[in-house]
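S.K.: what shape does this take:
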Amino acid sequence: MDNDENKLKKRFAELSLRAVEQRRTVSSDFLTLDEQSTLASAQLFSRVYLYGGYPLAERRAALFGEKSEEEKAAECDFVWVKISPVAKKFADELTHRDFLGTLMGLGIKRETIGDILTDDNCGYVFCEKKVARFVLDNLDRVKHTTVRCEMTLSPPDSVGALPEERTVTVPSLRLDAMVAAVYKISRSESQQLFMQKLIFVNGKMTVNSSYIPKEDEIISVRHKGRFVFCAKSERQKNSVLKSPSEFFEIRTKNRTVKTCFLQSDIFLYCNYEFRSICSCKLGIRTFCVSKNTVSPSFKEQPSFPV
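M.R.: Sure, this is the predicted structure:
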């Protein structure tokens, strides 16, 4: 364990102890995925809740204390700042990088602001109210575009809304196979991301490429985006398929996984629809699948999932 990680764990312990002693909610700065992973292994004196303003937030603050998650979030002074062009007709095309660069140019430290969302050429910045006031007083231009800033309780519903569905096919539900399929890279390139420690599950870094995600877990891939695995089981009545029905939809010679895309956010889930007769090839073993039976072409009954 390096010195920086030890210092960070000590800092988390101090914040949690302060929350207990003062009987109030104490918040950290906004944490990166690496820092959230460190928090997961730190020894704390209180409960902790990671909060980033919306369910799929990547940068989140750690809220220490014994209150409920809702009470902790309400007690802390977090707001959204909307940054919008004064004259949209003559505005530059503004991106996440433009908004972030402008904020950094004002001397604001990256750890004092959370995620920055974009929609309709506007930026939405999640931060503490004291940082929001500074932004309102000092930010009037992004690139060559004159902007106005205002506090808001939340970004519009269109930001973070569930998008249209898409479908990808994976050879297995191992995490490396999912990452490869979702981001359209090779399996070996996917495994390199694990070796480079760029894969996070619910904010915790993982190097286990064979890991099978659980329902509603958020998988983040640095520099690429993130997706949520939402396994859905719609088991047919009287079906003897047990484990398979909890993990994947059976299609001819492939296992099919449906995905939804929203900018850099990707929702991933499985849906099961047993056809009257189809075949599913798992490695070298082939099955005939019907609504009520599973007949392996080998005497040995293989386990699921592979």
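
S.K.: what helices or strands is the longest helix belonging to the chain leaning on?
M.R.: The longest helix of the chain (DSSP state H) is helix 3-22. In terms of contacts (3 or more Cβ pairs under 8 Å, 6 or more residues apart in numbering; DSSP states H and E), helix 3-22 is packed against strand 26-31, helix 33-40, strand 60-64. C-betas here are computed from N, CA, C, even on glycine.

S.K.: cutoff 10 Å now
M.R.: strand 26-31, helix 33-40, strand 48-51, strand 60-64 (3 or more Cβ pairs under 10 Å, 6 or more residues apart in numbering; DSSP states H and E).

S.K.: A91: which of these is closest?
M.R.: strand 26-31 (27.6 Å; Cβ to Cβ).

S.K.: give me the pLDDT value at K204.
M.R.: Note on K204: pLDDT of 82.

S.K.: sorry, slip of the keys, the one I care about is E5.
M.R.: 89.

S.K.: who's in contact with it?
M.R.: Counting by Cβ atoms under 10 Å, 6 or more residues apart in numbering, E5 makes contact with D34, E35, S37, T38, S41, A42.

S.K.: how about the first one: what's its closest non-neighbour residue?
M.R.: Distances taken as Cβ to Cβ, 6 or more residues apart in numbering put M205 closest to D34, at 6.5 Å, once the chain neighbours are dropped.

S.K.: do the fifth one as well
M.R.: Residue nearest to S41 in three dimensions, not counting chain neighbours: K9, with 7.5 Å by Cβ to Cβ, 6+ apart.

S.K.: all helices of the stretch 51-200 of the chain, in order?
M.R.: With helices called from DSSP state H, counting those that start in this stretch, the stretch 51-200 of the chain shows them at 69-75, 96-105, 129-138, 175-182, 187-195.

S.K.: the residue lying closest to E189 once chain neighbours are set aside: how many residues sit nearby?
M.R.: Spatial nearest neighbour of E189, chain neighbours left out: A180 (7.0 Å); criterion: Cβ to Cβ, 6+ apart. Using other Cβ atoms under 10 Å, A180 has 22 neighbouring residues.

S.K.: so A180 touches I199, yeah?
M.R.: No - using Cβ atoms under 10 Å, A180 makes no contact with I199, being 11.6 Å away.

S.K.: what is in contact with those two at once?
M.R.: Contact criterion Cβ under 10 Å, 6+ apart; residues shared by A180 and I199: S190, Q191, L193, S209.

S.K.: can you put the residues you listed in CSV and add pLDDT, distance to V81 and neighbour count?
M.R.: Below are the shared contacts of A180 and I199 laid out as CSV (pLDDT from 0 to 100; distance: Cβ to Cβ, whole Å; neighbours: other Cβ atoms under 10 Å):
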residue, pLDDT, distance to V81, neighbour count
S190, 95, 36, 22
Q191, 94, 40, 18
L193, 95, 33, 21
S209, 94, 39, 19
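
S.K.: among those, which two are most distant?
M.R.: L193 and S209 (8.8 Å).

S.K.: center of this protein, which residue is that?
M.R.: I218 (4.0 Å; Cα atoms, centre = their mean).

S.K.: contact partners for that residue?
M.R.: Contacts of I218 (Cβ under 10 Å, 6+ apart): 55-58, 200-203, 226-229, 265, 267-268.

S.K.: confirm that it sits in a strand.
M.R.: Yes - per DSSP: H, G, I helix; E, B strand; the rest coil, I218 lies within a strand segment.

S.K.: so how far is E21 from it?
M.R.: 33 Å (Cβ to Cβ, to the nearest Å).

S.K.: same deal with K72?
M.R.: On the measure of Cβ to Cβ, K72 and E21 end up 16 Å apart.

S.K.: looking at the two, which one has more neighbours?
M.R.: K72 (23 against 11).

S.K.: give me the pLDDT for the more buried one.
M.R.: Taking K72 on its own, its pLDDT is 88.

S.K.: so what's the residue nearest to it when sequence neighbours are not counted bridging to?
M.R.: Closest residue to K72 apart from its sequence neighbours, by Cβ to Cβ, 6+ apart: L63 at 4.2 Å. When bridges are called by DSSP bridges, L63 pairs up with S27, Y49.

S.K.: quick one: contacts for L63?
M.R.: 15, 19, 25-28, 46-51, 69, 71-73, 75-76, 78.

S.K.: give me that answer again for 6 Å
M.R.: T25, S27, Y49, Y51, K72 (Cβ atoms under 6 Å, 6 or more residues apart in numbering).
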